[in-house]
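Trainee: The following comprises the amino acid sequence and a computationally predicted model.
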Amino acid sequence: MAVAHLSLKPVANPVVLKDRIYEELKAAITSMNVYTDDEEHRLDERQLSVELGVSRTPVREALCRLENEGFVRTIPRRGAFVARKTRKEVLEMITVWAALESMAARLVIENASAREIATLREMFSSFDEDGAAQARIDEYSETNISFHQALFRLSRCDLLSKITENLFLHMRSIRTRTIAEKDRASRSIIDHMSIIEALETRDTALAERLVRQHTLDLGRHVEEFVDWLE
């Protein structure tokens, strides 16, 4: 078991102390990829309070908020840990994500301009060559994540973006690890190009179906090949 070493900055403003501590901890925790190894990452309240320059009480309150959002889990007599989702939980998140993102695709067609949709294609311009995505997997992984964020942003539906904010943070680590498995990067870029073409031609039914299937394919991969989840 390893103590999680988070990148934190002292929080000194008493007016917004609780929110700042919560935001700082959330940003640090969600920037970790807890699926890169099988370690349990314990959150030491004393260490966190020292690094943030505050007492342990607001740190404990922030950890409780983060536990309610599914980013932290508390084990009696052992303490707080950065949460790792189970296979069942991941598959449920993927199902919900597929439904919400397919609706986002419909709204992109209704609300986004041709120029805005064209920016989606530009994201992948440096991965045109065969094997480029796999060869630069870390860079492609970030581009892949940005693409899915952009779909919700271009939907122009603030509530949809808000609902998916925490879900996206949970999904980010899963996408980051699985994109390098079983040549998923190469298939991913083909999927993205097909989705973009459907958006460009304003084919709503096709765009919805392709976006939904793209995410459900991730679920199938998790079911068949992911052995690093409980």
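Mentor: It's in.
Trainee: Domains of this structure: list them as residue ranges, please.
Mentor: With automatic domain parsing as the criterion, the domains of the chain are listed as 2-82, 87-225.
Trainee: my read is Arg202 is in a strand, agree?
Mentor: No. Per DSSP: H, G, I helix; E, B strand; the rest coil, Arg202 lies outside any strand segment and is coil.
Trainee: mean confidence for the lengthiest helix in the chain?
Mentor: Longest helix of the chain, by residue count under DSSP state H: helix 87-111. pLDDT averaged over helix 87-111 equals 97, rounded to a whole number.
Trainee: got it, and stretch 183-197?
Mentor: Taken as a whole, stretch 183-197 has a mean pLDDT of 94.
Trainee: Report the backbone C-alpha coordinates of the helix or strand just after the longest helix of the chain in PDB.
Mentor: Downstream of helix 87-111, the next assigned helix or strand under DSSP states H and E is helix 114-123. This file holds the C-alpha atoms of helix 114-123, laid out as PDB (Å, rounded to 0.1, in the frame of the first residue of the first chain):
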ATOM      1  CA  ALA A 114     -19.500  24.000 -39.800                       C
ATOM      2  CA  ARG A 115     -16.400  25.700 -38.700                       C
ATOM      3  CA  GLU A 116     -16.800  24.400 -35.100                       C
ATOM      4  CA  ILE A 117     -17.300  20.900 -36.400                       C
ATOM      5  CA  ALA A 118     -14.200  21.300 -38.600                       C
ATOM      6  CA  THR A 119     -12.100  21.800 -35.500                       C
ATOM      7  CA  LEU A 120     -12.900  18.200 -34.500                       C
ATOM      8  CA  ARG A 121     -11.200  17.000 -37.700                       C
ATOM      9  CA  GLU A 122      -8.200  19.300 -37.100                       C
ATOM     10  CA  MET A 123      -7.600  17.600 -33.800                       C
END
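Trainee: Could you tell me how far helix 114-123 lies from the centre of the chain?
Mentor: The chain centroid and the centroid of helix 114-123 are separated by 21 Å under C-alpha atoms, centre = their mean, to the nearest Å.
Trainee: and what of stretch 168-176?
Mentor: Distance of stretch 168-176 from its chain centroid, counting by C-alpha atoms, centre = their mean, is 3 Å.
Trainee: among the domains of the chain, where is the model least confident on average?
Mentor: domain 2-82 (a mean of 88).
Trainee: quick one: the strands in the chain?
Mentor: Taking DSSP state E as the criterion, the chain contains strands spanning 2-3, 41-43, 72-75, 79-82.
Trainee: With distance to Ser31 and mean neighbour count as added columns, please give the ones you listed in TSV.
Mentor: To be clear about C-beta, it is placed using only N, CA and C from the backbone, and glycine gets the same treatment. Conversion of the strands of the chain to TSV gives the following (distance: least, C-beta to C-beta, whole Å; neighbours: other C-beta atoms under 10 Å):
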stretch	distance to Ser31	mean neighbour count
strand 2-3	16	11
strand 41-43	12	19
strand 72-75	14	14
strand 79-82	11	18
